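In: Using only what follows, build the 3D model:
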Amino acid sequence: MSRFKPFRINYSYVLFFTIIISLNITLNSCSQGSGKNNTNEKKLEVPVFSLKPIDIEVPQTYVCDIQAVQFVEVRAKVEGFVERIFVDEGEEVKEGQPLFQLTSIEYSELVNSARAKLMQARAEAKSAQLEVERLQVLVDKDIYSTSELELAQSKKDMAESAILEAESLLKHAQTGLSYTTIRAPFNGIVDRIPYKTGSLVKSGDLLTNITDISEIFAYYKITENEYLQYMRGQLDTAVDEEALKQQLEENLQEDEEEITLILSDGVEYPHKGKLETMEADFETGTGSIALRVRFPNPDGLIKHGASGKVQMTNTMEDVYLIPQKSTFEIQDYNYVYMLDENNIVNVRSFRPIKRYGLFYLVEGFDGGDRVVLEGLQLLQDGSHVDPKVEDTDEVYRSLNLSL
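Out: Sure, this is the predicted structure:
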């Protein structure tokens, strides 16, 4: 018995495909016949504007680390119990004001003992002096030999050295006693106080912090490229990196540019800062270098350790502005439609320097290059269009840009 079934032709399917093929042939013939009229169809009208080079001040922001102009850890220098706390957390203090009192009985006794030894040494020195004077009279009368006088003089010298030792011990004891009273090193604000009255503290234990926030420092980092770009803008000729650093330090002393601080809530700080100095070396690994800005803080609004952003202005010359709506992005590249002298659309890729509002800042274009403003979804590379010329300044104004 045969394993295979006889093949049967389904004539309904054959008829269906025959009709489809006939329709395709007919449509193609019609389209070819009407191709002569395509050239007479109306071209797509698109708005275009011309690029022009401009000089513009671009704000740049950098995350910064905010520190008090003075921040000191107050630590115990001697061991003892906290006897009294004279201040409270968050309180303003003056330089030399007492902050803490540690137990001082032991150190007071050391002072008394050292003072007694000093008195004893002085008495022994005085006695030795009298002995020398007495023997001097007897030697002058040839009653005693000079050896007796020399021995007495040696005892006097030993007594005087004992005075110096006793004075040193007294000063050391007095210094230890003074360490039991901890005072403010400068005018500032008291931070948290971890040890309370009665607590045992050892030498080196942290009692509190004192911060002077009358002024604050904002540290921020720039890349090596930004550093070189800034410096070469200050110099007429390119020089080696070490000379650039030296020149920057000189410029910082003369630079009157006011720098803005943006606080963590996004509000601009009312007082402007002054760029003061920079680090000596680039940071290994990141290739960045830190700069320091000083801001006044008369109201004490900013605290040590706060966060914010430093905003500076960078003047860029001969750059071009392309609206973001005139571009499209594919992977890591941005593209724009441009028109040649025959009004043919050409696609061009570019890498923006940075964003600026609703624009991209770009280089590498030429003044007068025509760019399609909008309607990109209707275009394709090689299309022949009818340009509607837009005034460049009006395009910028419509996108909230004032030049």
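In: Could you use CA atoms for every contact and neighbour count after this?
Out: OK.
In: what about this structure, any weak spots by pLDDT?
Out: Applying pLDDT under 70 to the chain flags the ranges 1-41, 229-257, 402-403.
In: Pop the domain breakdown of it in here.
Out: As given by automatic domain parsing, the domain ranges for the chain are 44-57+318-398, 59-69+215-315, 104-179.
In: Alpha carbons of stretch 389-399, in PDB - could you do that?
Out: Presented in PDB, the C-alpha positions along stretch 389-399 are these (Å, rounded to 0.1, in the frame of the first residue of the first chain):
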ATOM      1  CA  VAL A 389      13.000  81.600   5.900                       C
ATOM      2  CA  GLU A 390      12.700  82.600   9.600                       C
ATOM      3  CA  ASP A 391      14.600  85.500  11.200                       C
ATOM      4  CA  THR A 392      17.400  84.000  13.400                       C
ATOM      5  CA  ASP A 393      17.000  86.600  16.200                       C
ATOM      6  CA  GLU A 394      13.200  86.000  16.300                       C
ATOM      7  CA  VAL A 395      13.800  82.200  16.500                       C
ATOM      8  CA  TYR A 396      16.000  82.800  19.600                       C
ATOM      9  CA  ARG A 397      13.500  85.200  21.200                       C
ATOM     10  CA  SER A 398      10.700  82.700  20.700                       C
ATOM     11  CA  LEU A 399      12.700  80.200  22.700                       C
END
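In: ok, and for it, which residues are buried?
Out: Tyr396 (16 or more other C-alpha atoms under 10 Å).
In: Out of the domains of the chain, the one nearest Gly198 is which?
Out: domain 104-179 (13.3 Å; C-alpha to C-alpha).
In: which residues in the stretch 151-300 of the chain form helices?
Out: 224-234, 241-254 (DSSP state H, counting those that start in this stretch).
In: picking up where we left off before, turn the domains of the chain into TSV, columns for distance to Lys196.
Out: What follows is these, written out as TSV (distance: least, C-alpha to C-alpha, whole Å):
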stretch	distance to Lys196
domain 44-57+318-398	54
domain 59-69+215-315	24
domain 104-179	17
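In: Quick one: closest of those to Ile85.
Out: Per C-alpha to C-alpha, nearest to Ile85 of these: domain 104-179, 14.3 Å.
In: What is the end-to-end distance of the closest one?
Out: With C-alpha to C-alpha, to the nearest Å as the measure, domain 104-179 spans 9 Å from end to end.
In: Grab the most central residue of this structure for me.
Out: Nearest residue to the geometric centre of the chain (C-alpha atoms, centre = their mean): Tyr220, 1.8 Å.
In: in the sheet, who's paired with it?
Out: Judged by DSSP bridges, the bridge partners of Tyr220 are Cys64, Leu291.
In: burial of Leu169, as a residue count?
Out: When neighbours are counted by other C-alpha atoms under 10 Å, Leu169 registers 19.
In: Go ahead and confirm it touches Ala114.
Out: Yes - counting by C-alpha atoms under 8 Å, Ala114 is a contact partner of Leu169 at 5.8 Å.
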